[in-house]
Structure formats: structure tokens, C-alpha cells
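# Sequence isn't available, so here's the structure alone:
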């Protein structure tokens, strides 16, 4: 176990004990010291002061607010302090909330916090790695800037200063492990403690359900993960159950890769029966293809009404990432992130995430989603027959609509 000292941010003025505490923490063998910011003192300057008086203890921001600086500005602060401290910098980032972002920083809170964070981290990583000029045509961050009010003279640039570490640690402030999983490919996780992101437990359920798979979507990534997990857990096989005929292209793809043993194709059934199957599943699979990244399949609302955990598989930037993140109903993974997908399924098998219903009920549904859920529950009788625990048994059933 490694210990860290959290100093926070200043009140009315500087706290004279902070430097003394940091020096004592280093003497006692603490691993790191962390500063913060809100709408007063900034997060980097106190760390610079501490860095000048220490030699070993690592220096972390918990957290640097993304709204306070452009991603390239934050990267400049971090790479500079990393050089001055001899490679001790830990960059913790956080979105903050609408009150601070709009009230203090005078800018709109992003409508898609997940996408905004992904873009921000992407730019910071480009600066640290210095492999090419920084370029991103994002929804919230554009480098170079190409907006209608620009001059058009912006040029993609690489940092003049070579960063000391191309993989300077980036940490993300988040509430709960389910919020962390989508960033496995971008950053580590954790304010105030040191845990490798791939060791974080993902709270998702043990079974899954699939329905109709249309052209443009594919179950192959899930089936591959199930195949790999079979070798490690021969006594707990994973089966993906889908309703309705598969497209010929998809079926051929599955056969070519010899993945049929992990797939069960069933005929279509009436919705009331289907909803009962949803409630009995360990895990519900929502697969989004490249052709519909900004829309959400209607079946996801069926899943949320059923109260079972949802594993989304969608291209980066898809709306499904934000829906699952904000509702707490599950998590979303990119189809080519094989390691993260396999890790998630293994957590499902371990039964670490039993029911998503409580989190979903606390979600502020849009009027359309709320009406849709009410219709589902009334038609299916879900209000009186809700299942909140997955069925017992060694085989994990993955259902996909």
C-alpha cells in the first residue's frame, strides 16, 4: 500500500503548514502529495513550491479542473513541473460541475461530459508524446482552431520543449468504477490513491441478453472474449443468446472464426415473454454499429426498464457511452478494445454487479425516455414482476437484442 497526502486548496490565504506537512510526509516515506483547486488558489503553483523543497515524493493534482485551461495549457504546466521535479508529476484531471464551470470559468458545461473528457485527454497525451503536431477535430476541442470566428491561420504545432516523460501519468476524478472503464485506453484512474486502472473492479452484472442483430453491428468481439475466458473458466461458460435470424454476413463471420459454440440463436418471441427474459439475464448487450453513432437503440430503454446491467459495444464518441455513464445502468466499450471487453465480462462472471435498477431510478430521465419506460412496464407487467437478482447457476447468459 502507498500513502498520499491530500492538502486540498487554500481558504482565505496560504496555509503555512502545507510545506511542513509535505516535508514530513516525504520523511515518513509517503508516496505522493496532492493539491486541488476550486475558485481561489490554483493547483500547480503550490506543487512547484513543494517540488523545490523535496526530492522524492511524487506531486499530484487532485484535481486540475479542465474548464480552467485549454488541454495544451494544462499539458504545458504538467510537462514543465515534471522537468523541474525530476519526473515526479502526476496529472489528475476533473470536469468539476456546472456551478463552477459556468459560474467561475464563464463557459458552458459540456453537454457530453464523457466526450469532452476523452477529447481533452487525447490532446494532453499528444503533447506529452510529441510524435506529431497536435491535431484534433473534436466536438469540444479543435486543434488547430477552425471555427467561423477564427482567422484560418492556425497551424498544428508540436511542443518546443521535449517532455521528460511521454507517458506522464494522467489520472481521472470520477464517481464510481463504472465511470472509469470508458477511459482505460486513455488514462489511469484515481484521485488520492494509486491503483492501476486495469485493476479497478467494474460493477456490472453476470448475465447478458441479445436480440436482433442488424447489418452494421456484430457480436464477434463479445464472442471472442467469451472464447478466451472459456480457457480460464472452463466451469463457467459464457453463452450469448440472440433472438431472430442473424444477417448472412454476420453469421458467416462467426462461422469463419469458429465462434458458434458461444452463440445461441432463438426465434422471435412476443414482447411480454421477451421482457421476462430480459429480467432473468445476467447481462444485457447493446451493440451499436458505425452507421448510428449518435443515436441510441430503442432496446436500451427496454434494458433500463428491466433493471439488468448493460454492456454497450459502440464506436468511440457514440451517444450510448454518455447514456450508460449518466444513468449508471452499465458501461460502454469500444469493439476493438479486446482487453477491456474481456476484463468487463470477467467481472460480470464474478457477480460483482447484481442490479442496475436502483441507479437507473435515480437517473433524471428525459420526458421521452420516461414515457417509453412507463409503456414498457405497463405492457409487460414489470411493476409487479420485477426481478432484481440474476438466476443462479454456473453458466453466464449474455443476451443481446
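All right, it came through fine. What you see is a predicted model, and the numbers here were worked out from it, not measured in a lab. Residues are numbered from 1 along each chain as shown.
# Tell me how many other residues surround the residue lying closest to residue 166 once chain neighbours are set aside.
In space, and not counting its chain neighbours, residue 166 is closest to residue 129: 4.7 Å by C-beta to C-beta, 6 or more residues apart in numbering. Backbone N, C-alpha and C define where each C-beta goes, glycine included. Look at residue 129: counted by other C-beta atoms under 10 Å, it has 15 neighbours.
# what's residue 129 in contact with, if anything?
Going by C-beta atoms under 8 Å, 6 or more residues apart in numbering, residue 129 touches 163, 166-167.
# quick one: pLDDT of it?
For residue 129, the model assigns a pLDDT of 93.
# Then residue 319?
pLDDT recorded at residue 319 is 76.
# Pull up the gap between it and residue 88, please.
From residue 319 across to residue 88, the span is 39 Å (C-beta to C-beta, to the nearest Å).
# Also residue 18?
From residue 18 to residue 88 the distance is 17 Å (C-beta to C-beta).
# In terms of neighbours, single out the busier of these two.
The residue with more neighbours, out of residue 18 and residue 88, is residue 88; 21 against 18, by other C-beta under 10 Å.
# For the more buried one, give me its contacts.
Residue 88 makes contact with 51, 56-59, 82 under the criterion C-beta under 8 Å, 6+ apart.
# Now with 10 Å, please.
Under the criterion of C-beta atoms under 10 Å, 6 or more residues apart in numbering, the contact list for residue 88 reads 32-33, 47, 50-51, 54-60, 81-82, 164.
# list the buried ones in the longest helix along the chain?
Secondary structure of the chain per DSSP state H: the longest helix is helix 113-129. If you call a residue buried by 16 or more other C-beta atoms under 10 Å, then helix 113-129 has these buried ones: 113-128.
# State the number of residues packed around residue 276.
There are 18 residues near residue 276, going by other C-beta under 10 Å.
# Point me to the helix or strand that includes it.
helix 271-280 (DSSP states H and E).
# elements contacting that helix?
strand 209-210, strand 238-243, helix 299-306, helix 367-380, helix 382-385, strand 396-400 (3 or more C-beta pairs under 10 Å, 6 or more residues apart in numbering; DSSP states H and E).
# what would the contacts of residue 129 look like in TSV with secondary structure?
Putting the contacts of residue 129 into TSV (DSSP: H, G, I helix; E, B strand; the rest coil) gives the following:
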residue	secondary structure
163	coil
166	coil
167	coil
